[in-house]
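>>> sequence first, predicted model second:
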Amino acid sequence: MLLLAALAGVAFATPAQLEKRDCLTVFFPDTCAAGEIACNGAGSITLCCTGSC
């Protein structure tokens, strides 16, 4: 039943929900470039993505 629900969710996903993000791993002391969003960070590592997180 859970598998069926998961497949139904994928079937109704819109292209906007499946948008591919371009992400880079950046290490301290560097920061995200202009136009990138800091999506996740752990210690000295930050994930910088274009678009949305």
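All right, it came through fine.
>>> going forward, measure contacts between C-alpha atoms and count neighbours the same way
Fine.
>>> ranges for the strands of this protein?
Using DSSP state E, the strands found in the chain span residues 23-27, 37-42, 45-49.
>>> okay, those in CSV with mean pLDDT next?
Formatted as CSV, the strands of the chain follow (pLDDT from 0 to 100):
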stretch, mean pLDDT
strand 23-27, 93
strand 37-42, 88
strand 45-49, 94
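>>> looking at those, which one is packed in the most?
Stretch with highest mean neighbour count among the strands of the chain: strand 45-49 (a mean of 20; mean count of other Cα atoms under 10 Å).
>>> neighbouring contacts of that one?
Here strand 45-49 makes contact (Cα atoms under 8 Å, 6 or more residues apart in numbering) with 21-28, 31-33, 36-41.
>>> that strand to strand 37-42, inter-axis angle?
Relative orientation of strand 45-49 versus strand 37-42 (axes from the mean of the first three to the mean of the last three Cα atoms, to 10 degrees): 160 degrees.
>>> how about A38, nearest residue that isn't a chain neighbour?
Take A38 and drop its neighbours on the chain: the residue closest to it by Cα to Cα, 6 or more residues apart in numbering is C48, 4.6 Å away.
>>> just F27 next, same as before
Distances taken as Cα to Cα, 6+ apart place I45 nearest to F27, at 4.7 Å, with adjacent residues excluded.
>>> in the sheet, who's paired with the one you found?
Going by DSSP bridges, I45 is paired in beta bridges with F27, A42.
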